[in-house]
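A.B. asks: my questions concern the predicted model and sequence given below.
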Amino acid sequence: MPARVHAILVVRPDARIPAAHRLERMLAALTAQTHPIQVLTIVLCGEDADAAAFAQASRAIVLTAGRTTGFADAVALATRRREGDAVWLLAQDTVPEPDALEHLADALEIAPSVGVVAPKLVRWDDRAHIVSLGASMTAYGRTVGLADGEFDQGQHDATEDVLGSDVRGILVRADAWEQVQGLDPALAGADEGLDLGIRIRLAGGRVCVVPAARVAVHGDGVAGLPGLPPERTLHTWYVRRRAQLQRRLAYAPPVALPLLWLATAPIALWRTIVQLVAKTPGRILPEWGAALVAVVRIGGIVRARARIRRARSVAWSQLAPLRVTRDELRTALLPDLDVAHTGTRRGELRFFAGGGAWVVLAALVASLALFPSLLVWPALGGGALAPLRSTVARLWADAGYGLRPIGLAQVEPADPFSAVVAVLGTLWPGDPSRALVALWLLALPLAVLGAWFAATRITDRSILRCTAAVAWALAPTFLAALGQGRPTGVLVHLLLPWLLYAGCVAHRSWGAAGAASLLFAAVVACAPSLAPALVALWVVLLVVMLTVRHGHGAARVAWVVIPAVVLAVPLVLRQLGAQNPWALLADPGVPFAGAQVSADAAGRALLAAGSPTADPGGWGALLTGGAFGPWVAGMPAVWMLLLLAPLGALALLSVFTRRWLAGGALLLVAALGIVTAFIVVGVAVSVADGAAVPIWPGTALSLAWAGVVGAAALTLDTGFARHPSADADRALPAGRPRVLVATALMLALGVFALPALTAHLRGASALTDGPASTLPAFVSAEGHSRPDTGTLVLQPLAGGGVGARVVWGESATLGGQSTVLATRTALDAHDRQLANLAGDLVSPSSSDVVQRLEADSIGFVLLAPADQTADPARALRLTAVTALNQRAGLDSVGDTDKGTLWRVTGGVAERAEASPAVMSLARAIMLFQLIAVGAGLLLAVPTGASRRRARYTSRVVGRREADAVAVAASFAPADEAVDEEDAA
């Protein structure tokens with residue numbers, strides 16, 4: 001038996017931890033040991049009068065060190081005057097049982113080949129739970145505890161040989177300690193015991209655990225990582241990863257060392273992607289911090305390798321049997337969730353059994369019946385619609401910073417909506433313009449599908465999910481957007497249910513937060529005027545997370561706006577730099593006024609009723625046209641708004657239900673949508689052909705409609721009583737009466753939507769067959785092969801002026817539009833140059849105008865048709881035709897369906913590329929935007945672990961378990977039966 005044991009006790013006073021009390025208990029435990037301690041050295045890291053007094057009274061050797069001194073450095077300081085045959089490493093939070101040292105010393109005496117023996121570490125407050133009993137690592141250096149966190153039933157008492165252990169409480173043979181030169185301070189407090197065990201085994205010694213020796217630990221973090229189990233903080237992840245990289249580089253073969261060192265940054269990038277997919281983005285900063293330290297601190301790696309080289313006497317292959325295999329690691333990291341989770345398991349979705357799939361199918365059939373001509377149209381036109389680029393590459397080129405496809409030579413940031421258009425066009429890469437046709441054909445079933453899933457956050461009842469889906473698809477603003485050809489309004493209406501579906505549970509998981517962030521960015525890109533309302537909802541949710549939930553889930557909620565902010569920053573900075581902040585609210589895409597309500601009191605009343613147009617639901621035109629006979633021709637269409645009254649009444653009653661808080665939240669959504677519509681109605685920030693274009697309030701009404709439909713569904717689901725009991729739910733009768741109410745609601749909405757649904761069949765919609773290009777076919781063919789072909793489009797205006805714009809490529813496209821150009825309040829140098837060019841072309845005064853066209857890379861001049869009702873416009877066009885025909889260097893192509901066309905016959909210069917500085921800025925912007933969107937995509941990708949966790953969270957939001965059971969109990973035959981698990 002080793003006759004003398006040198007115990008080293010490290011104490012670090014901290015305001016949060018009673019170091020003096022811990023030291024007093026520790027000294028008492030050492031005094032009670034059945035095996036004598038020859039020498040006790042106490043290392044005080046920091047100043048603490050009480051701890052120092054206890055240390056001096058113990059007659060131990062007392063050393064002092066700085067507060068930031070690590071455990072390895074403190075032990076190295078104490079072992080400079082080492083005495084005895086073994087070193088016992090202790091900290092202020094390790095309390096050994098009286099016979100712990102005796103068992104450890106006996107193990108060293110019995111087996112002379114053993115260099116280190118480790119005790120069984122248990123929790124100080126529950127000694128039936130194991131903190132650590134040996135450690136190992138994978139082939140790539142990942143540390144794996146062999147029994148961490150397990151309930152102690154003696155199942156590991158036969159364990160003996162291990163690769164390493166926790167550093168707390170280990171007893172090290174003195175000659176082995178000298179041979180391997182103690183602990184490695186470069187590990188910064190993690191894996192110190194494992195690294196020591198590996199080096200002792202390489203030196204020919206053994207590492208054993210002694211389960212009979214028990215040491216209770218508090219987890220102060222003086223030795224080892226803080227917490228029981230170790231805290232999941234940024235510092236903990238950083239220390240663990242730093243230690244892993246330090247050991248990997250220290251253990252690597254000499255040939256592989258340079259490659260591993262150079263691969264540190266690429267590996268960190270790969271692990272960043274893995275962390276995003278694994279829904280652990282909190283580990284990304286620690287990953288890069290540890291990688292940076294590993295690359296910079298080469299000295300620590302050199303010293304660690306030198307210690308191993310001097311002490312090693314056996315091959316690395318001798319350690320292989322003690323490493324953890326992949327299968328063993330998988331077993332250790334994937335516990336049985338059915339045992340681990342004690343909450344209620346969510347029930348089946350019932351998409352098919354509950355009728356959701358059939359409602360979607362019915363909507364698809366209805367869409368094909370209502371829009372039959374779209375089946376043969378190659379492209380959509382009319383309203384705010386425009387063709388898309390002919391290739392996917394050009395679609396994405398329009399979505400980046402740089403030269404715009406409209407304008408003379410303007411370098412501007414792209415609208416985020418251009419990226420949405422690029423994504424849409426990529427879905428039909430052969431002919432991107434057909435993607436818009438497919439969108440219109442599938443709009444109704446997609447609206448039903450999104451709303452049905454959003455309704456699963458409100459109710460378990462299939463009839464109410466279907467009712468909400470139908471109500472959403474029949475929204476007046478959605479049908480108006482379809483009929484008027486507003487792609488932004490259609491896309492917002494299709495995306496909002498999914499945003500609400502993911503956003504209301506963004507605090508639960510990173511997967512939901514990632515999906516919500518992408519949907520938030522897409523909605524704001526399509527409707528910037530919705531940004532204030534959505535940000536207000538985000539702030540409310542974030543405040544709730546910080547206050548009610550004490551910060552739990554706040555980071556996930558905070559992430560929701562990040563991709564949208566990154567995508568919008570270039571445009572925001574550009575508009576703020578131009579002192580035009582209101583332009584940020586402009587509708588993206590083709591500026592289009594269309595039919596909408598006025599900004600007076602009557603118009604706002606219509607907005608409050610849910611109608612974005614002055615003709616509610618299209619009933620005014622239908623009644624005036626005598627479709628139902630002369631006796632109803634004079635009936636005011638406003639009376640048809642009464643069909644929407646039941647929906648609004650049910651929504652208002654949601655605050656009187658048991659789930660009044662959820663009802664209030666939904667009404668807040670509705671109120672923000674209506675307030676936004678009130679603010680933007682009549683506000684014009686864009687200009688098209690000399691006329692102001694107001695912001696369309698329909699997207700704001702889509703947000704309001706979402707809140708109203710959700711609140712009405714909640715009322716029908718819950719009833720009006722406040723107390724969660726099955727009887728209270730009878731305040732709104734369950735079963736067949738509820739089904740009748742829902743059916744009547746759908747019928748009322750269907751009647752109101754009838755004119756809008758049949759508008760295309762009656763020829764009352766703005767949709768047209770194409771065009772495939774806004775330019776003549778001759779120019780379109782030239783632009784398809786040469787994207788840098790410029791066409792100057794001259795538009796005679798009603799006031800006698802002429803509008804001018806330059807279109808590059810085969811057409812003016814939806815993704816190529818720019819709100820910066822459409823909302824500018826002052827002319828820049830390029831605008832003045834274009835104005836002078838247009839003025840000189842339509843007048844016979846200038847002689848060098850064609851040469852200027854050639855220098856500006858303009859190959860065609862198109863004079864668009866004039867408004868035949870405006871005499872000044874017709875006169876100007878006649879004058880312009882005469883002037884252009886007399887120009888030398890312009891060859892008249894003739895009249896086309898897009899206007900009169902001339903071709904520049906001289907040598908047209910190539911369009912100048914953007915400067916290197918602009919290209920560098922464009923690449924930097926693209927990189928940051930790709931990182932933000934890519935992170936959101938990786939977070940949104942579901943994994944097996946995230947799906948398993950989701951099974952144990954309620955699908956319905958804002959309902960307590962007792963209420964869920966009451967709802968399940970009140971289901972009548974009309975609603976298929978569900979068990980309590982499904983309801984919760």
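C.D. replies: Sure, I can see it.

A.B. asks: next SSE after the longest strand along the chain?
C.D. replies: The strand of greatest length in the chain, counted in residues with DSSP state E as the criterion, is given as strand 206-217. Sequence-wise, the next helix or strand downstream of strand 206-217 (DSSP states H and E) is helix 234-251.

A.B. asks: so which other helices or strands are in contact with that following helix?
C.D. replies: Helices and strands touching helix 234-251, as assessed by 3 or more C-beta pairs under 8 Å, 6 or more residues apart in numbering; DSSP states H and E, comprise strand 143-145, helix 192-202, helix 257-262, helix 284-296, helix 298-311. Just so you know, the C-beta spots here come from the backbone N, C-alpha and C atoms, and that holds for glycine as well.

A.B. asks: so Asn836 is in which element?
C.D. replies: Counting by DSSP H and E, the element that carries Asn836 is helix 829-841.

A.B. asks: which one of the helices and strands packed on helix 234-251 lies closest to Val392?
C.D. replies: Val392 lies closest to helix 284-296 among these, at 30.7 Å (C-beta to C-beta).

A.B. asks: CA atoms of the closest one as CSV?
C.D. replies: The C-alpha trace of helix 284-296 is given here as CSV (Å, rounded to 0.1, in the frame of the first residue of the first chain):
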residue,chain,number,x,y,z
ILE,A,284,-21.9,27.7,-33.6
LEU,A,285,-20.1,30.6,-31.9
PRO,A,286,-18.3,28.2,-29.5
GLU,A,287,-17.3,26.1,-32.5
TRP,A,288,-15.7,28.9,-34.3
GLY,A,289,-14.1,30.3,-31.1
ALA,A,290,-12.5,26.9,-30.3
ALA,A,291,-11.4,26.5,-33.9
LEU,A,292,-9.7,29.9,-33.8
VAL,A,293,-7.9,29.1,-30.5
ALA,A,294,-6.7,25.7,-32.0
VAL,A,295,-5.3,27.5,-35.0
VAL,A,296,-3.6,30.3,-33.1
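
A.B. asks: average model confidence for it?
C.D. replies: Averaged across helix 284-296, the pLDDT comes to 94.

A.B. asks: mind listing residues that contact stretch 95-112?
C.D. replies: Residues from elsewhere that reach stretch 95-112, judged by C-beta atoms under 8 Å, 6 or more residues apart in numbering: 1-2, 5, 25-26, 29-30, 32-35, 37, 86, 88, 90, 114, 117, 119, 124, 169, 171, 173, 206, 208, 210, 212-218.

A.B. asks: out of the residues you listed, which end up buried?
C.D. replies: In terms of neighbour count (16 or more other C-beta atoms under 10 Å), the buried residues within those are 2, 5, 25-26, 29-30, 33, 35, 37, 86, 88, 90, 114, 117, 119, 124, 169, 171, 173, 206, 208, 210, 212-218.

A.B. asks: wait, Leu131 sits on Ser165?
C.D. replies: Quick fix: residue 131 reads Val, not Leu. No - the pair Val131 / Ser165 is not scored as a contact, 11.3 Å apart, by C-beta atoms under 8 Å.

A.B. asks: give me the mean pLDDT for stretch 132-147.
C.D. replies: If you average the pLDDT values across stretch 132-147, you get 90.

A.B. asks: which helices and strands sit right next to the longest helix anywhere in the chain?
C.D. replies: Within the chain, and with DSSP state H defining each element, the longest helix by residue count is helix 916-940. Where contact means 3+ C-beta pairs under 8 Å, 6+ apart, helix 916-940 is packed against helix 264-277, strand 402-403, helix 510-526, helix 562-577.
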